[in-house]
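Engineer: Got a predicted structure plus its sequence, pasted below:
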Amino acid sequence: MQPSYDYQQVLNNSERVNWRVEDIIGGSKRLDFDRPFMPESLARVRTLSFLNPNEQLVMNQIRGHGYLYLFSVVEEFIVPFVLDHARSRLNGNDARTRALLHFADEEAKHIQLFNRFREEFDAGFGTPCGAIGPGDAIAGAVLNHSPLAVALVILHIEWLTQTHFLESVRDDQTLDPQFKSLLKNHWLEEAQHAQLDTLMVEALVEAAGEEEIVTALDEYEAILHFIDGGLAQQVELDADSLGQATGRELSEDERERFVSVQQAATRWTFIGSGLDHELFLGTLDRVHPSVRERVARMRSVYC
């Protein structure tokens, strides 16, 4: 059964969870570069058998860097989107307005958290890691689409963060505890954000006509395709970062294998795992009856 959400309850939960960036990173809370950052189910570095164990560890940490960087990029378009959605309700003094403003504030805090992580990572890793961007250009490209399309992409990403933590991160005792703590605290707040964005999607669907909804679904697919292109670029940058960090130059065959494995991994991480989330699919079912056919087509590409 698809759950129903309430602005007041989500706000109450969010205020209980609330944490400060300085409480979870910096000072004595340092990354441990002797341990992996990402669970193997997301990183998929062990199948790169031409890399030795140390090189696989380095690649795992590069994936961890890219993982949080890409979330910071996503949150660059979430913040203005949520603020725009809340603006029309600012004259009210209800839980909905407060919940949406709190949502935007927490996403801005996540950007700060991930920027602090990058500073810590750069200081400890030893060599720079390339990243797609700039983030504001990516955000602008996404925000050029209809509000419903953007809301669906945001909801897609918020639910997959839940899958990642609960199914891959939470019980993995091999991971660096500091990196795991960042993921846990991000997950705790994104759980509330997924519920709020579900409410936003439902409100946008209720106000939209058939043609607007179909167009939004087309744009949702287009945004995923755009994201997939960025992920492919990130994989190439990761290969370069691995070479710089280890001094290892991949052969042509090795690089081809690297790109194939890592592109599948990043696609699953940022797109495929969202298409498999039952609560996200439940919301899509209420958007339009054609959604399941669309999802099946997308899964054939991204899963």
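Structural biologist: Sure thing, it's come through.
Engineer: tell me how far stretch 126-143 is from the chain's mean position?
Structural biologist: Centroid displacement of stretch 126-143 relative to its chain, using Cα atoms, centre = their mean, to the nearest Å, is 13 Å.
Engineer: With just CA atoms, put that stretch into CSV.
Structural biologist: In CSV, the C-alpha atoms belonging to stretch 126-143 read as follows (Å, rounded to 0.1, in the frame of the first residue of the first chain):
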residue,chain,number,x,y,z
GLY,A,126,47.0,13.4,-2.5
THR,A,127,46.0,14.1,-6.1
PRO,A,128,43.0,16.0,-7.6
CYS,A,129,40.0,14.2,-8.9
GLY,A,130,38.2,15.5,-12.0
ALA,A,131,34.5,16.3,-11.9
ILE,A,132,31.8,17.3,-14.4
GLY,A,133,30.4,20.7,-14.3
PRO,A,134,30.2,23.5,-13.5
GLY,A,135,27.3,22.6,-11.2
ASP,A,136,25.3,25.7,-11.8
ALA,A,137,25.3,25.0,-15.5
ILE,A,138,24.0,21.5,-14.9
ALA,A,139,21.3,22.9,-12.5
GLY,A,140,20.3,25.5,-15.1
ALA,A,141,19.9,22.8,-17.8
VAL,A,142,17.6,20.7,-15.5
LEU,A,143,15.6,23.7,-14.3
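Engineer: average pLDDT across it?
Structural biologist: For stretch 126-143, the mean pLDDT works out to 93.
Engineer: ok, and for that stretch, which residues are buried?
Structural biologist: Within stretch 126-143, the residues that count as buried by 16 or more other Cβ atoms under 10 Å are 129-133, 135, 138-139, 142-143. (C-beta placed from N, C-alpha, C; glycine too.)
Engineer: repeat for stretch 227-243
Structural biologist: Quick answer for stretch 227-243 (16+ other Cβ under 10 Å): 227-228, 230-231, 234-236, 238-239, 241-242.
Engineer: So which residues of the stretch 201-303 of the chain form helices?
Structural biologist: 210-246, 252-267, 273-275, 278-287, 291-302 (DSSP state H, counting those that start in this stretch).
Engineer: Deepest-packed of those, please.
Structural biologist: Comparing the helices of the stretch 201-303 of the chain by mean neighbour count (mean count of other Cβ atoms under 10 Å), helix 273-275 comes out on top with a mean of 24.
Engineer: Show me what that helix is in contact with.
Structural biologist: 156-157, 159-160, 163-164, 280-281, 295, 298-299, 302-303 (Cβ atoms under 8 Å, 6 or more residues apart in numbering).
Engineer: Now render the buried residues of stretch 227-243 as TSV, adding distance to residue 53.
Structural biologist: Below are these laid out as TSV (distance: Cβ to Cβ, whole Å):
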residue	distance to residue 53
227	31
228	30
230	30
231	26
234	24
235	21
236	24
238	18
239	18
241	18
242	14
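Engineer: ok, of these, which one's closest to residue 199?
Structural biologist: residue 227 (23.6 Å; Cβ to Cβ).
Engineer: Check the closest one and give its pLDDT.
Structural biologist: The model's pLDDT for residue 227 equals 96.
Engineer: what do you get for the one 5 residues further on?
Structural biologist: Per-residue confidence at residue 232 stands at 97 (pLDDT).
Engineer: Now for residue 28, how many residues are close by?
Structural biologist: Counted with other Cβ atoms under 10 Å, residues neighbouring residue 28 total 5.
Engineer: Name the residue closest to the centre of the protein, please.
Structural biologist: Computing the C-alpha centroid of the chain and ranking residues by Cα atoms, centre = their mean puts residue 71 first, at 4.4 Å.
Engineer: what sits against that residue?
Structural biologist: Residue 71 neighbours (Cβ under 8 Å, 6+ apart): 110, 114, 161, 186.
Engineer: quick one: what helix or strand has it in it?
Structural biologist: helix 53-87 (DSSP states H and E).
Engineer: Now do that helix: distance to the chain's middle.
Structural biologist: Offset of helix 53-87 from its chain centre (Cα atoms, centre = their mean): 6 Å.
Engineer: How about stretch 293-303?
Structural biologist: So, by Cα atoms, centre = their mean, the centroid of stretch 293-303 is 19 Å from its chain's centroid.
Engineer: before we move on, the earlier item: the contacts of residue 71: which two are farthest apart?
Structural biologist: 114 and 161 (12.7 Å).
Engineer: Below-threshold pLDDT in the stretch 51-200 of the chain: ranges please.
Structural biologist: Filtered on pLDDT under 70, the stretch 51-200 of the chain yields the residue ranges 88-93.
Engineer: residue ranges of the helices in it, please?
Structural biologist: Using DSSP H, counting those that start in this stretch, helices in the stretch 51-200 of the chain cover 53-87, 95-125, 135-143, 147-163, 177-207.
Engineer: Distance to residue 219 for those helices - can I get that in TSV?
Structural biologist: As requested, these are exported to TSV (distance: least, Cβ to Cβ, whole Å):
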stretch	distance to residue 219
helix 53-87	14
helix 95-125	21
helix 135-143	10
helix 147-163	4
helix 177-207	12
